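A.B. asks: Got a predicted model here, sequence first, then my questions.
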Amino acid sequence: MNRIVVAFVILLFSLIPAAAERLISGISTDTVQITSSFDGERMTFYGTIAPDAGAEQRYVEGPYHAVIVVMGPTQDRVARKKTRNFGIWLNTEQVEFQGFPSYFHVLSSARLDDITDVNTLTTNFILPESHAISPNPAGWWQTLTFGRELIRLMSQEGLFGVQETGVNFHSDTFYSAQLILPSNAPPGPYIAQTYLFRDGEIIARKSDGFAVRKIGFERFLALASTQSPLLYGLACVVLALFTGWLGGVMFRR
């Protein structure tokens, strides 16, 4: 009898369509161009929540929370600690971070600790501090200490940040968020990863990419400095000498 009841319950649940959601998202622009007059760019991220492809339900039910993580190109960075020795400030300790984000900003529809637990935020690299606890030869404590200081310094430059309540739901399923990309945003590929939460669990995610690149004379200088560093250095020296000589001639008159 018990086996018949269990089989009936399993059959009943198998007939109920599984609720599944998918994200349909977009960005206001796919390319941000940096010129000599570039002073930042306002980015708009938007999306809607719809039933998953092939799902039987015609609508989805919340409530939902959305978190958008915008990350710029990764690069190797070194965090150094200065101490005063005999009246002179010297670099005495350092920790190198490989593949560290050059830009990292989090937008959320509520407080992060109200959306989900710290473990979910950390394992999915949603928190900025998640990048400060990656395995490192320097050891766990040194990595965490120097990583937090590196994040603090980059936050002061506007390259790292968290905007809780930065995502607005205009209806039960449609959301948008705005982010001002600073004037010192590093060029390169960027990715906006959107996480959809319900009851503290990630139920969908979507990635959108855009690029930040220099154009015109700024692009020429950036390429010259990386592709022909010797010629670029010589050109800078010649230009400095010429500018100094020209300034001396003008002021002499």
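C.D. replies: Everything's here; your move. Residues are numbered from 1 along each chain as shown.
A.B. asks: what are the ranges of the strands in the stretch 51-200 of the chain?
C.D. replies: 65-71, 74-85, 88-101, 104-108, 160-164, 167-169, 174-181, 188-198 (DSSP state E, counting those that start in this stretch).
A.B. asks: What residue spans form the domains of the chain?
C.D. replies: 20-215, 217-253 (automatic domain parsing).
A.B. asks: wait, which of the strands of the stretch 51-200 of the chain is closest to Ser28?
C.D. replies: strand 174-181 (8.7 Å; C-beta to C-beta). Just so you know, the C-beta spots here come from the backbone N, C-alpha and C atoms, and that holds for glycine as well.
A.B. asks: Pairing partners for that closest one, with directions?
C.D. replies: strand 41-51 (antiparallel), strand 167-169 (antiparallel) (DSSP bridges).
A.B. asks: okay, those strands in TSV with mean neighbour count and mean pLDDT next?
C.D. replies: Output for these, formatted as TSV (neighbours: other C-beta atoms under 10 Å; pLDDT from 0 to 100):
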stretch	mean neighbour count	mean pLDDT
strand 41-51	18	93
strand 167-169	18	96
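A.B. asks: mind putting the ones you listed in JSON lines, distance to Asp208 included?
C.D. replies: Listed next are the strands paired with strand 174-181 as JSON lines, based on distance: least, C-beta to C-beta, whole Å:
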{"stretch": "strand 41-51", "distance to Asp208": "8"}
{"stretch": "strand 167-169", "distance to Asp208": "14"}
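A.B. asks: for those strands, which one sits closest to Gln178?
C.D. replies: strand 41-51 (5.3 Å).
A.B. asks: what angle sits between that closest one and strand 104-108?
C.D. replies: Angle of strand 41-51 versus strand 104-108, following axes from the mean of the first three to the mean of the last three C-alpha atoms, to 10 degrees, is 50 degrees.
A.B. asks: Show me the shaky parts of the stretch 101-250 of the chain.
C.D. replies: 215-236, 238-239, 241-250 (pLDDT under 70).
A.B. asks: again, 50 this time
C.D. replies: 217, 219-220, 224 (pLDDT under 50).
A.B. asks: Just give the number of residues close to the residue nearest to Lys214 when sequence neighbours are not counted.
C.D. replies: Residue nearest to Lys214 in three dimensions, not counting chain neighbours: Ile34, with 4.5 Å by C-beta to C-beta, 6 or more residues apart in numbering. By other C-beta atoms under 10 Å, the residues close to Ile34 number 21.
A.B. asks: Verify the stated contact: Ile34 with Pro186.
C.D. replies: No - in this structure, Ile34 is not within contact of Pro186 by C-beta atoms under 8 Å, at 9.8 Å.
A.B. asks: tell me, what's touching these two both at once?
C.D. replies: The contact sets of Ile34 and Pro186 overlap at Val212 (C-beta atoms under 8 Å, 6 or more residues apart in numbering).
A.B. asks: related to what we said a few turns ago, look up how far Pro73 lies from the residue nearest to Lys214.
C.D. replies: 14 Å (C-beta to C-beta, to the nearest Å).
A.B. asks: Find residues that contact each of these two.
C.D. replies: Common neighbours of Ile34 and Pro73, using C-beta under 8 Å, 6+ apart, are Pro187.
A.B. asks: May I have stretch 178-198 exported as CSV, CA atoms only?
C.D. replies: What follows is stretch 178-198, C-alpha atoms only, in CSV (Å, rounded to 0.1, in the frame of the first residue of the first chain):
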residue,chain,number,x,y,z
GLN,A,178,22.3,52.6,-14.7
LEU,A,179,26.0,52.8,-14.1
ILE,A,180,28.4,55.7,-14.9
LEU,A,181,31.6,54.3,-16.3
PRO,A,182,34.4,56.6,-15.0
SER,A,183,36.8,58.6,-17.2
ASN,A,184,39.7,56.4,-16.0
ALA,A,185,38.0,53.1,-17.0
PRO,A,186,40.6,50.8,-18.4
PRO,A,187,40.2,49.9,-22.1
GLY,A,188,39.4,46.3,-23.1
PRO,A,189,36.6,43.8,-23.0
TYR,A,190,33.9,44.1,-20.2
ILE,A,191,31.3,41.6,-19.2
ALA,A,192,28.0,42.3,-17.4
GLN,A,193,26.9,39.1,-15.5
THR,A,194,23.3,39.2,-14.3
TYR,A,195,22.1,36.8,-11.6
LEU,A,196,18.4,36.2,-10.9
PHE,A,197,17.6,35.2,-7.3
ARG,A,198,14.5,33.8,-5.8
